[in-house]
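[1] here is the input, now give the coordinates:
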Amino acid sequence: MPRPALLCDRDGTLIHDAHYLRDPAQVRLLPGAVEMLRAFQEAGWALVVVTNQAGIARGLITEAQYDAVRARLDALLAAEGITLDLTLHCPHHPDFTGPCACRKPGTALLDAARDRLDLDLARSVWIGDRWHDIAPAQRFGGRGILIPSEDSPTDEVARAEREAEVAQSRDEIATRVLAE
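    Residues are numbered from 1 along each chain as shown. You can find the predicted model right below:
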C-alpha cells in the first residue's frame, strides 16, 4: 500500500544554507531537523529530499561536489539513526540550461519519487523555506508547510500563510502533522 512521504527541501530546511554549498565540511544540520526526521521515520513515512541545485548549471559547483555534500548529510543523519529513503536534485537553471520539468515547482522529480517508492502524494507533506518548495503540494492534493529562514522572502511567507501553512520550527511540523 502506498505510504505518505515527508518531502523536504535541503538548503535552509534541513541544513544551513551556505549558498552553493560544495564543501562537505560545511554541512550543518538545522535545529530540530534530526528530531523532525526521526518522528516521521518512526511513524512509517518515507523521507525524501528534493532539492534545486542551480549552482551546478551556473558552474559554481560540480556534480561530484554535490554528491560529496549529499553523502555528508547522509552520514550525519545515519549517525542519528535516520536513513533518507531517496534524495533527488535538479541541476538546472532556466537562465543557463533552459526550462526543465524537474526544477521545483516542477513535478518530474516528485513523480519519480512517487513511482520509485510507491508514495501516496495526496497524504504527503512538503516542507521548505521557499514557496517553490511547497507549491507542488497543491498539485498533488498534499500539504505544504513553509518554515521561514533568513532567506525566505516575506511575500512568499505571506503567500504560504494564505494558501498553505507556516511553521516556526521543525518540532512544530512533526507535532502538527503526526498528531492528526
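
[2] just give the number of residues close to Leu109.
    23 (other C-beta atoms under 10 Å). Where you see a C-beta, it was placed from the backbone N, CA and C, and this is true even at glycine.

[3] again with Cys90
    21.

[4] may I have the beta-bridge partners of it?
    When assigned by DSSP bridges, Cys90 has beta-bridge partners Asn52.

[5] let me see the contact set for it.
    By C-beta atoms under 8 Å, 6 or more residues apart in numbering, the residues touching Cys90 are 51-53, 100, 102-104, 106, 109.

[6] quick check, nearest of the residues you listed to Arg22?
    Gln53 (10.3 Å; C-beta to C-beta).

[7] how much space separates that closest one from Ile127?
    18 Å (C-beta to C-beta, to the nearest Å).

[8] give me the buried subset of the contacts of Cys90.
    For the contacts of Cys90, a burial check counting by 16 or more other C-beta atoms under 10 Å picks out 51-53, 102-104, 106, 109.

[9] greatest separation within those: which pair is it?
    Using C-beta to C-beta, the buried ones among the contacts of Cys90 span at most 13.6 Å, a distance reached by Gln53 and Gly106.

[10] and the helix ranked longest in the chain, how far from the chain's centre?
    Counting by DSSP state H, the longest helix found in the chain is helix 63-78. A distance of 14 Å separates the C-alpha centroid of helix 63-78 from that of its chain, computed with C-alpha atoms, centre = their mean, to the nearest Å.

[11] list the buried residues for that helix?
    65-66, 68-70, 72-74, 76-77.

[12] just checking, what packs against that helix?
    When contacts are defined as 3 or more C-beta pairs under 8 Å, 6 or more residues apart in numbering; DSSP states H and E, helix 63-78 sits against helix 54-57, strand 86-90.

[13] out of those, deepest packed?
    Comparing those by mean neighbour count (mean count of other C-beta atoms under 10 Å), helix 54-57 ranks first with a mean of 20.

[14] what is the mean pLDDT for that helix?
    The average pLDDT within helix 54-57 is 96.

[15] with just CA atoms, put that helix into PDB.
    The C-alpha trace of helix 54-57 is given here as PDB (Å, rounded to 0.1, in the frame of the first residue of the first chain):
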ATOM      1  CA  ALA A  54      21.200  25.700  -9.700                       C
ATOM      2  CA  GLY A  55      24.900  26.100  -8.800                       C
ATOM      3  CA  ILE A  56      25.600  23.100 -11.000                       C
ATOM      4  CA  ALA A  57      24.100  24.800 -14.000                       C
END
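
[16] any idea how far it is from the chain center?
    With C-alpha atoms, centre = their mean, you get 17 Å for helix 54-57.

[17] could you name the helices and strands sitting against that helix?
    Using 3+ C-beta pairs under 8 Å, 6+ apart: helix 54-57 touches helix 63-78, helix 94-97.
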